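K.L.:
Quick one, structure for this:
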Amino acid sequence: MARRVTVPEIIAAKGKRKLTEVTAYDHPTALWVDESGIDMILVGDSLAMVVLGHEDTLSITMDEMLHHTRAVARTAQRALVIGDLPFLSYQVSVEQAVLNAGRFVKEARANAVKLEGGRRVAAQIKAIVEAQIPVQGHLGLTPQSSAAFGGFKIQGKTAEAARELIEDARALVAAGCFSIVLEGIPAPIAAMITEAVPVPTIGIGAGPDCDGQVLVLHDLLGLFERFTPRFVKQYARLSEPVREALAVFREEVEKGVFPAPEHSFAMDGEEVAKLKGGNRKA
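P.N.:
Alright, predicted model coming up:
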């Protein structure tokens, strides 16, 4: 069994090597990501969109997140598994946040949790960390706040907004976050935040100066086609060969090409004859 990547190792990587994080949502995707040597697997609330077909991430429930995290956690042997706390699972109260974070660890066997927001959720993060549950923060374009932002818009584009993000990052570190995802912010601001905090920053649409990078698996592999964010690089376009394979299957079945003899199971001829003989009328 491979040795699990640990939170102290993630923290210690800052300034020494670039970190990688990719989403996964079930057994096969977790297996792909884990065997590739990726440091962290995020069971992201993005599964609401790329797996369950919702328009945004707001509709996903705790039970759905736990269901998918269980599948990933029982599969991954090496990567640090992080469960993404969904909308309204931590915002209402500190107690709610700790209980739901605990469910990710106790019921789904995640190694850590992630939640969105800056100073406004610092109390929740501090309490979760005090419960001995590692927390990854998330600043910038936080999808759960898309309604407040007026859509999926780049954040921190002014000096004042950038200063707010830097203060939020420092607050997350003070609360105990072991790393911070920076999403959809200008590259110079991400570089400033990365320099300002002692924990790794993980960028997604935040430029090359972060301590690591994260992508949604379905974006990376070209499996999600509704839209492609500017910051995504498609390393493959698997939806095309998948469609081709399905079309060939349909055609072969319709033409009687599949299943061929090599895909079928034979039976002893004498046994077949006995069966046919037994079915004859006297």
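K.L.:
For this structure, which residues score under the pLDDT cut-off?
P.N.:
1, 143, 145-153, 278-282 (pLDDT under 70).
K.L.:
mind listing the strands for it?
P.N.:
Secondary structure of the chain, counting by DSSP state E: strands at 19-23, 40-43, 80-84, 112-114, 135-140, 179-183, 201-204, 212-215.
K.L.:
Out of the ones you listed, which one sits most buried?
P.N.:
Of all these, strand 40-43 carries the top mean neighbour count, a mean of 30, counting by mean count of other C-beta atoms under 10 Å. Where you see a C-beta, it was placed from the backbone N, CA and C, and this is true even at glycine.
K.L.:
what packs against it?
P.N.:
In terms of contacts (3 or more C-beta pairs under 8 Å, 6 or more residues apart in numbering; DSSP states H and E), strand 40-43 is packed against strand 19-23, helix 27-35, helix 62-75, strand 80-84.
K.L.:
Just tell me which of the strands of the chain ends up closest to residue 162.
P.N.:
strand 135-140 (10.4 Å; C-beta to C-beta).
K.L.:
what about the closest one, distance to the chain center?
P.N.:
Relative to the centre of its chain, strand 135-140 is centred 14 Å away, using C-alpha atoms, centre = their mean, to the nearest Å.
K.L.:
I'd like the helices and strands packed on strand 40-43 as TSV, with distance to residue 136 appended.
P.N.:
Below are those laid out as TSV (distance: least, C-beta to C-beta, whole Å):
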stretch	distance to residue 136
strand 19-23	9
helix 27-35	16
helix 62-75	14
strand 80-84	6
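K.L.:
Figure out which of the ones you listed is closest to residue 127.
P.N.:
Closest among the helices and strands packed on strand 40-43, using C-beta to C-beta: strand 80-84, at 16.7 Å.
K.L.:
how close does residue 255 sit to residue 248?
P.N.:
According to C-beta to C-beta, to the nearest Å, residue 255 and residue 248 sit 11 Å apart.
K.L.:
Pretty sure residue 72 sits against residue 22.
P.N.:
No: if you go by C-beta atoms under 8 Å, residue 72 and residue 22 don't touch, sitting 11.2 Å apart.
K.L.:
quick revisit: of residue 255 and residue 248, who's got more company?
P.N.:
The residue with more neighbours, out of residue 255 and residue 248, is residue 248; 12 against 8, by other C-beta atoms under 10 Å.
K.L.:
What distance do you get for residue 238 to residue 64?
P.N.:
Going from residue 238 to residue 64 by C-beta to C-beta gives 24 Å.
K.L.:
Same check on residue 112?
P.N.:
Distance, residue 112 to residue 64, using C-beta to C-beta: 19 Å.
K.L.:
Over to residue 242?
P.N.:
From residue 242 to residue 64 the distance is 24 Å (C-beta to C-beta).
K.L.:
When the two are compared, which one has more neighbours?
P.N.:
For the pair residue 242 and residue 64, the greater number of neighbours falls to residue 64 (16 against 12), based on other C-beta under 10 Å.
K.L.:
what's near enough to touch that one?
P.N.:
Residue 64 makes contact with 47-48, 52, 86, according to C-beta atoms under 8 Å, 6 or more residues apart in numbering.
K.L.:
out of those residues, who has the most neighbours?
P.N.:
residue 47 leads those on contacts (other C-beta under 10 Å) with 27 neighbours.
K.L.:
For it, list the residues it contacts.
P.N.:
The neighbours of residue 47, taking C-beta under 8 Å, 6+ apart as the test, are 23, 25, 60, 64-65, 68.
K.L.:
JSON lines please, covering the residues you listed and showing distance to residue 192.
P.N.:
What follows is those, written out as JSON lines (distance: C-beta to C-beta, whole Å):
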{"residue": "23", "distance to residue 192": "27"}
{"residue": "25", "distance to residue 192": "33"}
{"residue": "60", "distance to residue 192": "32"}
{"residue": "64", "distance to residue 192": "36"}
{"residue": "65", "distance to residue 192": "32"}
{"residue": "68", "distance to residue 192": "35"}
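K.L.:
Give the residues shared as contacts by residue 72 and residue 22.
P.N.:
Overlap of the contact sets of residue 72 and residue 22 (by C-beta under 8 Å, 6+ apart) consists of residue 41.
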